[in-house]
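# Quick one, what's the 3D model for this:
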Amino acid sequence: MPIDFCKTLLQNPPMKIGYARISTDEQSLDLQRDALTKAGCAEVFEDRGVSGVAAQRPGLEAALARMASGDVLVVWKLDRLGRSLPHLIETVRQLGALGAGFASLSESIDTTTAGGKLIFHIMGALAEFERSLIVERVTAGIAAAKKRGKHVGRPRKLTPEQIAHARDAIEGGMQTCAGMAALLGVDHSTLWRAMRAANDAMPVVMVRRLPPSAETIEGGRNGRH
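As a prediction, this is how the structure comes out:
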């Protein structure tokens, strides 16, 4: 082992750094803090009132910035760290790239051991498998919806009334398609597609006109009084 590396190791020995999180201010961090301190954590970074799905977690970001090669990030439970399984896997990979480890006390996981590394390899494979299943379900759902003739994607922005008014204005020469689209706050191609779809969806109405002899005559018996 190089002498310089030994000096650095002696000056900056590996540490256990704890991370604790609660989702509401009413909850207490005491249980997590006590467990992390008992596990030998020299420092404990905390996030209060931050849900697991929150993207911004200052305490976690500070803990990760503090990590160095040989250090171990310790949490009380896995759900204290990751917003989701993919996020958890990605965070552990980031630690691995720094030469640092990860440990969860409740699940007895420690990536500095062979068993802990194996568990996370399996979890990573499961996360990828779950992602593939989601993609497959979404793709199949879209295909099935299209087959049934349902609209898939973003909801239409224009109401039937807006489409009708736009069509009347354009056909009456009062507005161009681009001008009407600008008034409605949509792209002209969106308006054009909406009007075309509305025309295609219009039911065919059969109109039967009465012969002139049978038409209502003002003041006649079939007229309005």
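# so residue 180 touches residue 163, yeah?
No. Using C-beta atoms under 8 Å, residue 180 and residue 163 do not qualify as a contacting pair, with a distance of 10.1 Å. For glycine as for every other residue, the C-beta is placed from the backbone atoms N, C-alpha and C.
# Between those two, which has more neighbouring residues?
residue 180 (22 against 19; other C-beta atoms under 10 Å).
# need the strands for the protein, in chain order.
Using DSSP state E, the strands of the chain run over 16-21, 43-47, 72-75, 101-104, 109-110.
# what's next to the last one, contact-wise?
Contacts with strand 109-110, where a contact means C-beta atoms under 8 Å, 6 or more residues apart in numbering, come from 72, 78, 101, 102, 103, 116, 119, 120.
# Closest one to residue 196 out of the residues you listed, please.
residue 78 (52.2 Å; C-beta to C-beta).
# and the closest one, how many neighbours?
16.
# Common neighbours of residue 180 and residue 163, please.
Joint contacts of residue 180 and residue 163 (C-beta under 8 Å, 6+ apart) are residue 191.
# With pLDDT as extra columns, can I get the contacts of strand 109-110 in JSON lines?
JSON lines is the format used below for the contacts of strand 109-110 (pLDDT from 0 to 100):
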{"residue": "72", "pLDDT": "96"}
{"residue": "78", "pLDDT": "89"}
{"residue": "101", "pLDDT": "94"}
{"residue": "102", "pLDDT": "94"}
{"residue": "103", "pLDDT": "94"}
{"residue": "116", "pLDDT": "85"}
{"residue": "119", "pLDDT": "87"}
{"residue": "120", "pLDDT": "82"}
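# so which of those residues is the most crowded?
residue 102 (26 neighbours).
# wouldn't that residue be in contact with residue 94 here?
No. Using C-beta under 8 Å, residue 102 is not in contact with residue 94, being 9.7 Å away.
# Can you give me the domain boundaries for the chain?
Using automatic domain parsing, the domain parsing of the chain gives 3-113, 160-200.
# ranking those domains by mean pLDDT, which is last?
Note on these: domain 160-200 shows the lowest mean pLDDT, a mean of 77.
# for residue 124, what are its contacts?
residue 89 are the contacts of residue 124 under C-beta under 8 Å, 6+ apart.
# Show the contacting residues for residue 36.
With C-beta under 8 Å, 6+ apart, residue 36 has these contacts: 18, 19, 20, 44, 74, 75, 76, 105.
# where's it relative to residue 62, distance?
Distance from residue 36 to residue 62, counting by C-beta to C-beta, to the nearest Å: 15 Å.
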